[in-house]
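K.L.:
give me the fold of what follows.
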Amino acid sequence: MDILIARTETEIDHAFERLVGCSTVGCDTETSGLGARTARLFSVQFSDGEFNVLVPISEGVTLGKLAAILENQAITKVFHNAKFDLDFLGENGYTTINIFDTMVAEKVLTRGAGQSSSLAETLYRHFAVDLDKSQRAKFNRKWDGIWTDELVSYALSDVIYLPQLMATQCEWMERLGLTNEFATQMARITQLPAADSARYEDGDARRDRS
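P.N.:
Numbering: from 1, shown residues only. Just a heads-up that it's a prediction; the model follows:
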């Protein structure tokens, strides 16, 4: 796995050059809690499925040029439970457009089946990937904000699969005639104010897109 922890301007610029030509980029965040107005943003992760970047916001780093990836209409940003991440990114001054939410897509695909749409369950269903979420508990208000190899690996384990998951879900939604339903659901959640976002968070493992 090609990993970059982008701490310097040079590293952020390099990450931007690697990602700006992509049509699809997976995105994720790590935070100290559930509420964007009261909790801290610890990191932002990007992945094209091969090149994986973590920006350690907790260490005083900003997105720099990578903010332009979020604002680029030509690049689809893939999140799982996008409303959660968008609230935190917005609260920290970042604008994100052209969004695909794999959690919403999974709910559209599995509606009425009583299946979880958490990221862990979704990835296991589609790719037999078993995510290890044991590191998640370390992200709390008492964390020192320093990124270890284990924490980096954990944070990137979510985002690396998102571009591939989007492609698979789009194929299934097209086969099943659910593309318009997905578009309707995405329009609803992307237009909601932050205060209403909790209604669309997955019930499994708190807000965790795990």
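K.L.:
got a list of contacts for the helix or strand of the chain with the lowest mean pLDDT?
P.N.:
Lowest by mean pLDDT, DSSP states H and E among the helices and strands of the chain is helix 179-190, with a mean of 89. With contact meaning Cβ atoms under 8 Å, 6 or more residues apart in numbering, helix 179-190 is reached by 82-83, 86, 99-101, 104-105, 107-108, 170, 173, 197, 200. From N, CA and C alone the C-beta is placed, and that goes for glycine too.
K.L.:
beta-bridge partners for the residue nearest the centre of the chain, please?
P.N.:
Nearest residue to the geometric centre of the chain (Cα atoms, centre = their mean): Asp28, 2.7 Å. For Asp28, the beta-bridge partners are Gln45 (DSSP bridges).
K.L.:
what sits against it?
P.N.:
Each residue near Asp28 by Cβ under 8 Å, 6+ apart is listed here: 44-45, 79-80, 85, 155, 158-159, 162, 209.
K.L.:
re the thing from before, quick check, nearest of the contacts of helix 179-190 to Ile146?
P.N.:
Of all those, Leu86 has the smallest distance to Ile146: 26.5 Å, by Cβ to Cβ.
K.L.:
quick check: the closest one vs Leu4, distance?
P.N.:
23 Å (Cβ to Cβ, to the nearest Å).
K.L.:
longest helix of this protein?
P.N.:
Longest helix of the chain, by residue count under DSSP state H: helix 162-176.
K.L.:
what are the buried residues along that one?
P.N.:
Applying a neighbour-count criterion of 16 or more other Cβ atoms under 10 Å, the buried positions in helix 162-176 are 162-166, 168-169, 173.
K.L.:
redo those as CSV? Include pLDDT and distance to Thr95.
P.N.:
As requested, those are arranged in CSV below (pLDDT from 0 to 100; distance: Cβ to Cβ, whole Å):
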residue, pLDDT, distance to Thr95
Leu162, 98, 20
Pro163, 98, 21
Gln164, 98, 26
Leu165, 98, 24
Met166, 98, 21
Thr168, 98, 28
Gln169, 98, 25
Met173, 97, 27
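K.L.:
now those as a markdown table including distance to Lys142?
P.N.:
Formatted as a markdown table, the buried residues of helix 162-176 follow (distance: Cβ to Cβ, whole Å):
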| residue | distance to Lys142 |
| --- | --- |
| Leu162 | 29 |
| Pro163 | 34 |
| Gln164 | 35 |
| Leu165 | 32 |
| Met166 | 35 |
| Thr168 | 38 |
| Gln169 | 37 |
| Met173 | 42 |
